[in-house]
Every structure is written in C-alpha cells, then in structure tokens.
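Colleague: make a model of this:
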Amino acid sequence: MTFFSVFLCLLLERMRRMDFKGFPFNAFARYADLIARNFNAGRRRHGLLGWAVAVLPWVVVADAGFYLLRQTGTLTGFLLAMAWSVGVLYLTMGVRRFGIELAAVRDAVGRGNQEEAARLLTLWTGEDASEYTLPEITRVAIENALSGAHRNGFGIIAWYAFLPALLGSLLPGFLGLLLSGPGGAVLYRLTSILATRWSRPDEEEFRMFGGVVRDIFSVIDWVPARLSALSFAIVGDFEDAVYCWRSQALTWVDHGLGVVLASGAGALGVRLGDSLHRNGSLILRPELGLGEDADQEHLNGATGLIWRALVLWLLIIALVTVASWVD
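Modeller: Predicted structure coming up:
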C-alpha cells in the first residue's frame with residue numbers, strides 16, 4: 001500500500017498541485033496563531049504544550065481514520081484506507097511546487113532578466129531578492145529547490161514510508177499503533193510549519209516558546225535530512241557530496257538543512273551559500289559545495305538531481321513493498 005499511496009499522491013499532485021497559501025494551510029496558520037496567543041508565556045514548557053495541542057490531535061485523526069478503515073478487513077476497506085493515505089499525503093506533500101518555481105526562475109535567468117528573476121524568487125521564498133545579483137539569485141533558487149524538495153517531499157515520505165514502521169516496532173501498544181498510518185507525514189509537516197511560524201528570534205517571548213518547537217523539529221528531521229543527503233550523493237557526484245556533507249554541513253545555522261544543502265551542492269558540483277546583497281548591506285553566509293559558480297546549467301542540474309533522487313526513493317519503497325509481500 002505504501003508504494004501505491006506515494007505514487008498516486010505524486011500523480012494527483014502532478015494533475016493539480018496543492019495551494020500552500022489556501023485551505024487548509026491558512027486555517028492551520030490561524031489555529032497556530034491562536035495557540036501562540038493563549039499558550040505563549042515565554043517558557044519552553046509552554047512551547048512544548050503548544051506544539052502538542054497544535055500537532056498531535058491531527059496526527060491521531062490521520063492515523064485513526066486509516067486504522068478504522070483498514071480494520072474492516074475487506075477489499076473496500078483496503079481501498080478506502082489507501083484513498084485516506086493518498087489524501088493525507090496530498091495535503092502534506094508539495095514535490096511539484098519546487099519544479100514550477102525553479103523553472104520560472106531558470107527561464108528568467110536564461111533571458112538575463114535580473115529584475116524578473118528577483119521578483120519570482122521573492123514570490124517563491126517570501127524574502128526580498130530585489131538587490132540580489134544574477135549569481136546570487138541562482139544560488140538561492142537552487143538552495144530553495146533542494147530544501148523544498150527535502151521538507152515538502154523526502155522528509156514527509158520518510159515519515160510515512162520508513163520511520164513509522166521502525167518506531168512502531170519499538171514502541172508498545174498505543175504509541176506503536178499511533179504510527180501505523182499516515183500520521184507520521186502529518187507530524188513532520190505540521191511541526192515544520194510551526195518551527196518556521198513560531199521562529200521569531202527578535203521577540204523575546206517567542207525565543208523560548210518557538211525554540212522548543214525548532215528543537216523538536218531538529219529531532220524529527222535528523223534521519224530524513226541524512227536520507228535526503230544520501231540520496232543526493234547516490235544520484236550525483238558521490239565523493240564530493242560526502243566530502244561537503246562531512247566538512248561543511250555544521251557551518252550552516254540550521255545543521256539539518258546544512259546537511260541537505262552541502263550534500264546537494266557537492267552532488268551538483270556547484271558553490272552555494274556565500275554572501276548576499278540585502279537592504280543595502282552584505283549578508284555573510286558560509287560557503288557550501290565545490291566547483292563552479294551557480295549558473296543556468298546548475299538550475300537544470302538541480303531539477304534533474306531532485307527527480308533522480310525521487311525515482312530512487314520510489315524504487316526503494318517498491319523493493320521494500322515487494323519484500324513484505326514475499327514474507
């Protein structure tokens with residue numbers, strides 16, 4: 001069921017991609033803000049409680065629906081359980097989005113239209129890119145494609161296809177049952193959203209409240225980030241990817257994302273990170289990767305790298321599915 005659920009979700013997303021600014025994401029954003037207003041008293045324990053209230057009920061709903069449908073033991077129940085899983089994955093994944101946004105920026109860069117490329121990148125990332133040079137626009141576009149493919153795709157697949165089965169076998173009773181369905185995908189996606197939405201280091205009351213959610217997501221993302229990095233290495237330049245992963249990942253502020261970006265940069269043979277022009281000043285960032293400065297060819301290469309990695313994930317899931325049938 002796992003392989004078919006992921007495959008059907010990708011097929012459905014290709015026909016009609018999910019709008020991350022529409023329902024139900026805007027509703028969850030309002031829900032998260034309501035929880036922050038009522039639970040945020042500037043302590044880590046309040047952040048932990050807020051995360052639990054914001055995320056865990058939806059994890060239970062996702063798994064309970066799957067479990068109840070699957071327990072009927074009929075073909076109809078099996079198909080309904082699969083449809084439920086596909087629906088949950090469709091609401092949480094966004095693999096196609098990176099390709100559309102990246103292609104738009106790539107075309108503008110190819111025409112040498114810096115103003116249009118900056119505008120498209122600003123719409124994509126939500127950060128002002130009007131002062132970026134073309135090489136900076138190209139670097140940031142590749143970084144966002146790699147991080148988006150991981151957090152909106154590979155990380156969710158990992159928490160749906162691999163980690164629940166492993167943790168479910170280790171945890172007893174209800175906790176193991178809680179991870180038996182697509183709830184892992186919901187856990188990863190919603191925690192990722194909260195880690196970003198409650199990340200306000202300039203506001204004292206959010207420093208501790210949002211900090212605990214970022215720590216939770218770092219734990220949740222530890223294995224998926226390394227699986228994404230490994231898949232980039234396998235389908236790209238393995239030696240350079242592993243070298244950059246080991247030597248550069250920890251220089252990035254977000255270490256988990258640094259693992260993904262460093263491996264992706266090494267696999268592509270391109271330099272990412274580095275300084276950016278913003279608000280009349282130069283923002284210094286660590287350098288990631290090896291090789292050439294980013295250009296349009298590397299934008300094409302990033303698209304190919306991500307799709308090859310996705311095919312690799314699907315092949316592995318298919319092999320695991322066939323192996324489970326044999327047993």
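Colleague: and Tyr243, how many neighbours does it have?
Modeller: By other Cβ atoms under 10 Å, 17 other residues sit near Tyr243. Any C-beta I mention is one placed from the backbone N, CA and C, and that applies to glycine too.
Colleague: and Phe66, by the same measure?
Modeller: 22.
Colleague: quick one: contacts for it?
Modeller: Contacts for Phe66 (Cβ atoms under 8 Å, 6 or more residues apart in numbering) come out as 81, 84-85, 88, 180-183.
Colleague: of the residues you listed, which is the most crowded?
Modeller: Busiest of those [other Cβ under 10 Å] is Pro182, holding 30 neighbours.
Colleague: how about the strands in the stretch 101-250 of the chain?
Modeller: Under the criterion DSSP state E, counting those that start in this stretch, strands are not mapped anywhere in the stretch 101-250 of the chain.
Colleague: quick one: low-confidence parts of the stretch 1-150 of the chain?
Modeller: Along the stretch 1-150 of the chain, no part satisfies pLDDT under 70.
Colleague: for it, what spans make up the helices?
Modeller: Assigned by DSSP state H, counting those that start in this stretch, the helices in the stretch 1-150 of the chain fall at 2-15, 25-39, 44-70, 75-92, 95-110, 114-125, 134-149.
Colleague: pick the most deeply packed of these.
Modeller: For those, the largest average neighbour count (mean count of other Cβ atoms under 10 Å) is found in helix 134-149, namely a mean of 23.
Colleague: how about that helix as CSV, C-alpha atoms only?
Modeller: Taking Å, rounded to 0.1, in the frame of the first residue of the first chain, the C-alpha atoms of helix 134-149 are listed here in CSV:
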residue,chain,number,x,y,z
LEU,A,134,22.1,37.0,-11.0
PRO,A,135,24.6,34.6,-9.5
GLU,A,136,23.0,35.2,-6.0
ILE,A,137,19.5,34.6,-7.4
THR,A,138,20.7,31.4,-9.0
ARG,A,139,22.3,30.2,-5.8
VAL,A,140,19.3,31.0,-3.6
ALA,A,141,17.0,29.3,-6.1
ILE,A,142,19.0,26.1,-6.0
GLU,A,143,19.1,26.2,-2.2
ASN,A,144,15.3,26.6,-2.0
ALA,A,145,14.7,23.8,-4.5
LEU,A,146,16.9,21.4,-2.5
SER,A,147,15.4,22.4,0.9
GLY,A,148,11.9,22.4,-0.5
ALA,A,149,12.3,19.0,-2.1
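Colleague: now that helix, how far from the chain's geometric center?
Modeller: Its chain's average C-alpha position is 14 Å from that of helix 134-149, according to Cα atoms, centre = their mean, to the nearest Å.
Colleague: with that, I have no additional questions.
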